[in-house]
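> Below are the sequence and a predicted model; questions follow.
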Amino acid sequence: MPTIIALDVSLSMCRPVKSEAQEDYSRKNLAIHGISTLLDYMSGNCKLEFTSLVVFSYLWEQLVPFTRDVDSIKTALNTVGDFSKTCLEPFLTGISGMVVEEFGGTTPVQVVLVTDGSTGIGAGCLSNLIETWNQASEDPTIRCPLPFAFKGKLIVVCIANPSSPEVKKALPLYERLIELNNGDGEVILPDNTLSMSSVQDVFTKLADKYYSPYTGLLTCGHLKCNITLYPSPEPFHREGEFVSIHKTVSDTLEICGFMDLQDIASPPTVSRHLVLPVTTKSKQADKVQDSNGDNIKKEGDEDDGDDGKIPSFTVLLHGSLKVESMVAVTKVGDEWYGILYSWADSKKKSSLMLSLFEPGLEAVSWLGSLSYLSPISDFSEPPYGDDDNRTPFPVRPKEKRSYAQSCVVWIKAVGLQADLQKVIRHARKLPDKQQQFYKELNRVRKAALSFGFTSLLEAISSMLERECRLLPGTAHPDAAIQLTHAASTLCSDTGKDASQTIMPLRTNFSQDDS
Amino acid sequence: MATSLLPITYCELVILHVYPVEDTCTVTEKTKHEISPLLMCEVIITESGKKQYDRMLQMAYVHYNLASTTVTGIPMKEEQNASSSANYDVELLHPVEAHEEMLKSGTVEGLMIPSKEGIPINTITLKWCTPKSSVQDLPACTGAYRITPVDVNSRPSSCLTNFLLSGRAVMLEQPRKSGFKVISHMLTSHGGEIFIHCIPTGRSIVEDPPSISEGPGGRVTDYRIPDFREFMKENRLAPASPAVAELANQLPIQRALQHVERTSRCWPMVINETIIFNMASHIDPLPTLLVKERLTDDELLDCKKAIYHIVGMESRNEPLPINNAGIRGKGSKRDQQYSQMWSELEGLVQAHSTTSENHQKILDCLLECKKPSDDRRKSEKLSIKEERSEAESAWKDLDKYQKMTEHEKKEFNKIETTDDSGPPNKRLRHSYTEPLVKTSGKQNLLSMWTNRMKSVHSKRHTEFIGRQENIGTIAELYKHLFEEEENEASVQ
């Protein structure tokens, strides 16, 4: 996920760190050294991550917009100046807007706040701010910038001696910040006194925890491929009414079967990930390299040149899915599924993509329960037809929705008027529209009875009698007979019994007899 | 009280007082207040009729955490005058999550207005985009929520819902202050239900992905893509009816995983790695039948027929469809290709032999067919080798012998003398491709020489056609002489 590195550039960051070494460093130097460590880790392990550099003191500024070019951030770090006092409010409010404008509200973004434990003085200092924000729930005029408008962790890295009294005072404030961000985040301190190496350790620890790339195995029965996902899949948490769901993506992604892209339609997904193959060889080489040094790595590098020539299942899968416009339904965890498909970006470059459904078996209602998806060989009749001319999807719910059937709605006068006009329209075309006339009449009658709207029946009755009187002399004799019959039955006991239906009167003119 | 029931830990009591139209109300409204930690109470007063409906709709809106979207500018033909069209608005209700991104990003300013249907709620207006003929599938959508029109069966509502239920989709756009438009939602139906889909409006973090051709396996060009497309179709999924699924011993999705497992047991990814899958017309229907869970006796017979067919091909010495550009097939002799093909086929059948008894029978059949043919090949080779003779190659052998170090020679001879259970060529390093003939007893330089001459001679020699067709040593001459006459006679 994208990262904002937020560096405190208040004057307190210029305080020197006493060290036994010859040179004295400022806290800022240490922070920049630490950030470089993090950037190096990212360029080695997750080249696709977007990173932005923001500096803040009383004001804040985005020095480098979101980029994959780590070097541009490193260059910018060297030009960072020194400004006034620490004040978190404008910066925390500002980055919410900045991120949402860039990525929208649904992309998680990590914020790494690098500061020195001095929380500012006077108005706008952290202790004052937190006091104000604590009252935000009671006073709607107070706007707390946390939690962020986007989903994101707040990681506070404190470049300070863990034993200093200043830090001990600041720590609870930082922790309260994390709490305000729905508990999503962490405060990290160096283990030992400040030095280049202890700061480096802090950032290495951070990188290992939050930026270690996902590695997993994609399987399609016996066809297998080692893969990584970008961005790394996040664990899923949701508090339901009766259960809370906590799930993580397994390191084995199992393809259960395939479906047509058209059938899967546009399912809701919680996240999307590029599926990138990795070679077992380079992984092994890395492992050996740890113990044996540089020689082995060279070998690994040479092997990399041949990787392109060793068949990879992901390439086969991607090519086939693309041509056939299909998706692979993939199990990514316990009762958690996703789909693999070929996706093309704006530049028409296509890649293998994994979209994760929300965990659960009912994640996509028009597929039915995901655990009830069967291989087609289990059906006695081919579900896709003999020549692929039909589809068993979508799975339809048992009931039709109210908008998908003609139910009677008389909330507004217009609805009632329209229904009555329909009855009259058919009445004028008797005996041709006899069937429709009685159908509409009964529909209106039943609705009126179920609403207890019995006076409507009398009204309809008199309307029909009026229609009968107004019949032209050329009218078919049956029209008058049916209208009179309907008008009188409406007011009879039969008409007021909802279980009865008014039937046409059988006459000598009835079409059935002719 | 039944212990199996969930205890009620919180309750909201809403009392709705309805009074007749044009009447005065004597009850006073009370906002939500606490009666006990378990119980909240609220008194709502409303006039009956239209107002009661609006009030109750608003209560449902709050209780179910809904939001409202008004689709504006829907072009619709007028009821009375079909030639002219006017623009209509339709208000929809749906879970509030569908607006989450808009609310977060603060782009709703100016789009939020009081409900046009007169309900005391706010609605967000989104503009109808005239749909293109083909609906693009958008696996990128972040949410799909059911909708219902506020005025369910009014003419504009049913016009929109019928349009969507017919399978079309409508994109909804947000006019932004800056002037450019952003498509943020889509309306479409699935299985008779209409959904509002959320489309991410921000920059995608997966943009500009690394090229496949630069990654592992990217430079391989002979993937069996057409075959994998077939594989995918065979492994398609379809929904089992819940009634059937609940009766089964196994969840259908587990069955699907097993099916994928079975069909992928022997599946080379590239054309160059396989012979048998490049000769589908010859081995059909063997591969398709093998992956089945059970085989009928007829299917077993079909599988056996396929094997016999290959035996026939081999005996006729037909060429195998091997890509000459391939690495493995290159330059190898036909009998080597056949033995490679047989071992590949054995691998395929072996992989499925445990599925059922009939599967095992196919393997047995294959092994029977393969073994004698192997033996036959050996014996054929032997009989041919007896007669082979070519001075050059024999000299080469001799040269090789001479070039050997003393130790090797000693070893070579020792093997010859002590062990005659296996062909000596197996122990000869850098041995010439033509195996030496196995003879009983001691082999010396002279016997090697003569055998070599004999065998190489026979290689040059083309067998008399009559003898080729005949079994045994005596060939019947002019075998077909009378066949033609007989045929002619029968025609007449």
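Received the coordinates, thanks.
> how far does stretch A:237-249 stretch from start to finish?
The straight-line separation of the ends of stretch A:237-249 (C-alpha to C-alpha, to the nearest Å) is 12 Å.
> How much space separates the residue of the stretch 351-492 of chain B found nearest chain A from residue B:362?
Closest residue of the stretch 351-492 of chain B to chain A, C-beta to the nearest C-beta: residue B:351 (8.6 Å). Where you see a C-beta, it was placed from the backbone N, CA and C, and this is true even at glycine. Distance from residue B:351 to residue B:362, counting by C-beta to C-beta, to the nearest Å: 11 Å.
> quick one, which of the two is more surrounded?
Neighbour count, other C-beta atoms under 10 Å in any protein chain shown: between residue B:351 and residue B:362, residue B:362 has more, with 27 against 19.
> Excluding sequence neighbours, find me the nearest residue to the residue of the stretch 351-492 of chain B closest to chain A.
residue B:265 (4.0 Å; C-beta to C-beta, 6 or more residues apart in numbering or on different chains).
> swap in residue B:195?
residue B:144 (4.4 Å).
> any idea which element the one you found lies in?
Using DSSP states H and E, residue B:144 sits in strand B:143-146.
> In its sheet, which strands sit next to that strand, and in what direction?
strand B:193-198 (antiparallel) (DSSP bridges).
> Tell me the helix or strand right after the partner strand.
Assigned by DSSP H and E, the successor of strand B:193-198 is helix B:225-234.
> Centre of the chain to the helix or strand following that next one, how far?
Sequence order places strand B:237-239 as the next helix or strand after helix B:225-234, per DSSP H and E. In this view, strand B:237-239 has its centroid 13 Å away from the chain centroid, taken as C-alpha atoms, centre = their mean, to the nearest Å.
> Buried residues in the next helix or strand after strand B:237-239, which are they?
Counting by DSSP H and E, the element after strand B:237-239 in chain order, helix or strand, is helix B:242-247. Residues residue B:245 are the ones in helix B:242-247 that count as buried (16 or more other C-beta atoms under 10 Å in any protein chain shown).
> What of stretch B:266-286?
B:266-279, B:282-283, B:286.
> ditto for stretch B:184-191
In stretch B:184-191, counting by 16+ other C-beta under 10 Å, buried: B:184-190.
> and chain A, which of these reach it?
Among those, the residues that sit close to chain A (C-beta under 8 Å from any C-beta of the partner chain) are B:186, B:188, B:190.
> Restricted to helices, list the buried residues of stretch B:266-286.
Using DSSP state H, the members of the buried residues of stretch B:266-286 that fall in helices are B:282-283, B:286.
> Tabulate these in JSON lines, adding columns for pLDDT.
Formatted as JSON lines, these follow (pLDDT from 0 to 100):
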{"residue": "B:282", "pLDDT": "73"}
{"residue": "B:283", "pLDDT": "74"}
{"residue": "B:286", "pLDDT": "74"}
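> of all those residues, which comes closest to residue A:494?
Here the nearest of those to residue A:494, counting by C-beta to C-beta, is residue B:286; it sits at 72.6 Å.
> ok now do the residue nearest to residue B:195, which residues does it touch?
Applying C-beta atoms under 8 Å, 6 or more residues apart in numbering or on different chains to residue B:144 gives the contacts A:266-268, B:195-198.
> So what's the residue count around the residue of the stretch 401-514 of chain A found nearest chain B?
Minimum separation of the stretch 401-514 of chain A from chain B (C-beta to the nearest C-beta) falls at residue A:403, amounting to 4.3 Å. Here the number of neighbours of residue A:403 (other C-beta under 10 Å) works out to 24.
> can I assume it sits in a helix?
Yes. Under DSSP: H, G, I helix; E, B strand; the rest coil, residue A:403 falls within a helix.
> That one against residue B:148, yeah?
Yes. Between residue A:403 and residue B:148 a contact is recorded at 6.4 Å, counting by C-beta atoms under 8 Å.
> Domain-wise, how is chain A divided?
According to automatic domain parsing, chain A comprises the domains A:3-211, A:214-378, A:405-491.
> Output those domains as a markdown table; include the columns mean neighbour count, distance to residue B:168 and mean pLDDT.
Output for those, formatted as a markdown table (neighbours: other C-beta atoms under 10 Å in any protein chain shown; distance: least, C-beta to C-beta, whole Å; pLDDT from 0 to 100):
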| stretch | mean neighbour count | distance to residue B:168 | mean pLDDT |
| --- | --- | --- | --- |
| domain A:3-211 | 18 | 26 | 82 |
| domain A:214-378 | 18 | 13 | 81 |
| domain A:405-491 | 16 | 19 | 88 |
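> Can you say which of these is nearest to residue B:207?
Across the domains of chain A, closest to residue B:207 is domain A:214-378 (C-beta to C-beta), at 5.5 Å.
> If you rank every helix and strand of chain B by mean pLDDT, what lands last?
Between all helices and strands in chain B, the lowest mean by mean pLDDT, DSSP states H and E belongs to helix B:406-418, at a mean of 52.
> How far off centre is the following helix or strand past that one?
Next helix or strand after helix B:406-418 toward the C-terminus (DSSP H and E): helix B:445-460. On the basis of C-alpha atoms, centre = their mean, helix B:445-460 sits 56 Å off its chain's mean C-alpha point.
> tell me the mean pLDDT for helix B:445-460?
The average pLDDT for helix B:445-460 rounds to 76.
> Check which residues of that helix are buried.
Within helix B:445-460, the residues that count as buried by 16+ other C-beta under 10 Å are B:448-449, B:451-456, B:458.
> In CSV: those, plus distance to chain A.
Shown next, in CSV, are those (distance: C-beta to the nearest C-beta, whole Å):
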residue, distance to chain A
B:448, 44
B:449, 46
B:451, 44
B:452, 42
B:453, 46
B:454, 46
B:455, 41
B:456, 40
B:458, 43
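> Serialize those to CSV and add fields for distance to residue B:62.
As requested, these are arranged in CSV below (distance: C-beta to C-beta, whole Å):
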residue, distance to residue B:62
B:448, 102
B:449, 106
B:451, 101
B:452, 100
B:453, 104
B:454, 103
B:455, 98
B:456, 99
B:458, 99
